[in-house]
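Peer 1: here is the input, now give the coordinates:
(one chain, ligands or ions: 2)
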Amino acid sequence: MEHLRRSKVVDLLQSRDFGKEVLVKGWVRTKRGNKQLNFIALNDGSVIHHIQIVAEVTHFDEELLKKITTGSAIAVKGILVESMGQGQQVEIQARSIELYGTADPETYPLQKKGHTLEFLREIAHLRPRTNTFGAVLRIRHSMAYAIHKYFNDHGFYYIHSPIITGSDAEGAGAMFRVTTLDPKTPPLTPEGKVNYSEDFFGKETNLTVSGQLEAELGALALSLVYTFGPTFRAENSNTPRHLAEFWMIEPEMAFYDIHDNMDLAEDFLKFLMQYILDHCLDDLEFLNRMYDNELIDRLKHIVSSTFERLTYTEAIKILKASGQQWEFPVDWGSDLQAEHERYLVEKHFKCPVMLTDYPKEIKAFYMKQNEDGKTVRGLDVLFPRTGEIIGGSQREENYDQLLQRINELGIPEKDVWWYLDTRRFGTAPHSGFGLGFERLILFVTGMSNIRDVIPFPRTPKNAEF
Ligand code: 4AD
Ligand code: MG
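Peer 2: Ligands and ions are numbered 1, 2, ... in the order given. Prediction:
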């Protein structure tokens, strides 16, 4: 008996070994019953479904049964039997129960069902115990695994780009400083500025906004690489699509032009949609039922659709001719807003859209310049609901062109000398893109707020847990 090993709920629900003795451990979701029998719904996080434990009241200490309430952790030894009840095929007839931890019904925040997502954000330390967050976290795991699988199967190498950086990849500012200087009395230069040469790294450093520049260094040696790590942006955007700390997947490919880049982005995203349909259907069905009844159809539609490819300039024409009332005006040269992106995807084309050749003024310094002198070979992939899910480009591989753009934008050469070096020694055409991991999870879960697809969201004024 002692060596009976714990079975996971996911396996027991599949099992038809009726009459077998099993050991199961988990957290009580509900307990109901009468004078003869108690029914306990037990969940261990291995699957969205609970297993039903049936306890004969006379068989157990009354005090023990009383203490088993919603949220408590227990271990149950019993016999796996075919269930006569509705909604499940197997259940466990309890022989012995060990109570690991109680959860006082007076104070346990998840005692009742049906909390709002807003309330659950305030108890982010406990929300993994809800059906919704169990489903989201399992899907998040499966997507991370599928991403590594896709790249491994396609001959890409995983590069670990640094989290602390002395460069500013996007040139957009809005970074978080990393320092060990005393905030009250930092060392000063003769001009009265903070003297970062006395800081830990001997220079000003920040948390990275992107692993791209380092990925490029890898691609110009290993051909096909990707990064997958946390990135940080200090922009004060309080929207359902922005986090201050988010994860990004950034493949970078030597010898790829913008068309190869688009082919990869489309194939990669379709693979991920199919993977989640194949491996997380129970969780998807739950989310489809509870939050978004078009979720599964939408995922299937992505897999079977052909992404529409057009230039920014063509998109502007469509938006201008649409007759729509926009909150933000549409003009050649200005960045597209979520309302414009969603119009193109949801109303006009009714499929994912890949936009290229953006005005150079609204894109980063490293994008390859087109011959028209006005546009660069940027790429955004737009999805229904989420809008921009991927941003990328073919990179400027020509040393003179790149240097000219760096000078135009006033980026100090001393900050990017190593990046420029790759264009001096064995430069080659190359391309890449960044997929926002939480934007992807938003899309595949059908959730509507990005704060609900990462365990501990970091947003302006919020880093409690
Ligand atoms: O378009 P972005 O800024 O592109 C880059 O950072 C490039 N260096 C990527 C590359 O070419 N290697 O960001 C890429 C993606 C966006 O499309 C979006 O999905 C996501 O990252 N993203 C965010 N997700 C959550 N919160 C934010 N604040 C985000 N900013 C960007
Ligand atoms: Mg972008």
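Peer 1: need the contact list for the residue in the chain sticking out farthest from the centre.
Peer 2: The outermost residue of the chain, judged against the average C-alpha position, is T58 (48.9 Å), by C-alpha atoms, centre = their mean. By C-beta atoms under 8 Å, 6 or more residues apart in numbering, T58 lies in contact with Q36. Where you see a C-beta, it was placed from the backbone N, CA and C, and this is true even at glycine.
Peer 1: please report the distance of it from ligand 1.
Peer 2: 56 Å (C-beta to the nearest ligand atom, to the nearest Å).
Peer 1: all helices for the stretch 101-250 of the chain, in order.
Peer 2: Here the stretch 101-250 of the chain has its helices, by DSSP state H, counting those that start in this stretch, at 117-122, 131-153, 212-222.
Peer 1: return the residues of the stretch 251-400 of the chain in contact with ligand 1.
Peer 2: 388-393 (C-beta under 6 Å from any ligand atom).
Peer 1: tell me the two of the residues you listed that are most distant?
Peer 2: Greatest spatial distance in those: I389 and S393, 15.3 Å, computed using C-beta to C-beta.
Peer 1: where along the stretch 51-200 of the chain do the strands fall?
Peer 2: 51-56, 73-82, 90-101, 157-158, 164-165, 177-178 (DSSP state E, counting those that start in this stretch).
Peer 1: burial count for G19?
Peer 2: For G19, the neighbour count with other C-beta atoms under 10 Å is 8.
Peer 1: and it, that's in a helix?
Peer 2: No: using DSSP: H, G, I helix; E, B strand; the rest coil, the assignment for G19 is coil, not a helix.
Peer 1: pretty sure it contacts V90?
Peer 2: No: with contacts counted by C-beta atoms under 8 Å, G19 stays clear of V90, the gap being 11.4 Å.
Peer 1: can you pull the residues that touch both of these two?
Peer 2: Counting by C-beta under 8 Å, 6+ apart, the residues touching both G19 and V90 are 80-81.
Peer 1: mind listing the helices for the stretch 301-450 of the chain?
Peer 2: 312-320, 338-342, 399-408, 413-424, 437-445.
Peer 1: just put those in JSON lines and tack on mean neighbour count.
Peer 2: Listed next are the helices of the stretch 301-450 of the chain as JSON lines, based on neighbours: other C-beta atoms under 10 Å:
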{"stretch": "helix 312-320", "mean neighbour count": "18"}
{"stretch": "helix 338-342", "mean neighbour count": "19"}
{"stretch": "helix 399-408", "mean neighbour count": "15"}
{"stretch": "helix 413-424", "mean neighbour count": "14"}
{"stretch": "helix 437-445", "mean neighbour count": "24"}
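Peer 1: can you lay out those helices as a markdown table showing distance to Y226 and mean pLDDT?
Peer 2: What follows is these, written out as a markdown table (distance: least, C-beta to C-beta, whole Å; pLDDT from 0 to 100):
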| stretch | distance to Y226 | mean pLDDT |
| --- | --- | --- |
| helix 312-320 | 26 | 98 |
| helix 338-342 | 25 | 94 |
| helix 399-408 | 23 | 96 |
| helix 413-424 | 18 | 94 |
| helix 437-445 | 12 | 98 |
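Peer 1: out of the ones you listed, the one nearest T205 is which?
Peer 2: It is, among the helices of the stretch 301-450 of the chain and with distance given as C-beta to C-beta, helix 413-424, at 11.6 Å.
Peer 1: let me have the helices of the stretch 301-450 of the chain in CSV, extended by distance to L217.
Peer 2: As requested, those are arranged in CSV below (distance: least, C-beta to C-beta, whole Å):
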stretch, distance to L217
helix 312-320, 29
helix 338-342, 31
helix 399-408, 14
helix 413-424, 6
helix 437-445, 22
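Peer 1: to T69, which of these lies closest?
Peer 2: helix 437-445 (29.6 Å).
Peer 1: tell me what angle that closest one forms with helix 131-153.
Peer 2: 110 degrees (axes from the mean of the first three to the mean of the last three C-alpha atoms, to 10 degrees).
Peer 1: do helix 437-445 and ligand 1 meet?
Peer 2: Yes: against ligand 1, helix 437-445 shows contacts by C-beta under 6 Å from any ligand atom at 438-439.
Peer 1: CA atoms only for that helix, dumped as PDB, please.
Peer 2: Taking Å, rounded to 0.1, in the frame of the first residue of the first chain, the C-alpha atoms of helix 437-445 are listed here in PDB:
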ATOM      1  CA  PHE A 437       4.000  35.700 -27.000                       C
ATOM      2  CA  GLU A 438       1.100  37.100 -25.000                       C
ATOM      3  CA  ARG A 439      -0.600  38.500 -28.100                       C
ATOM      4  CA  LEU A 440      -0.400  34.900 -29.400                       C
ATOM      5  CA  ILE A 441      -1.900  33.500 -26.200                       C
ATOM      6  CA  LEU A 442      -4.600  36.100 -26.300                       C
ATOM      7  CA  PHE A 443      -5.500  34.900 -29.700                       C
ATOM      8  CA  VAL A 444      -5.500  31.200 -29.000                       C
ATOM      9  CA  THR A 445      -7.400  31.500 -25.700                       C
END
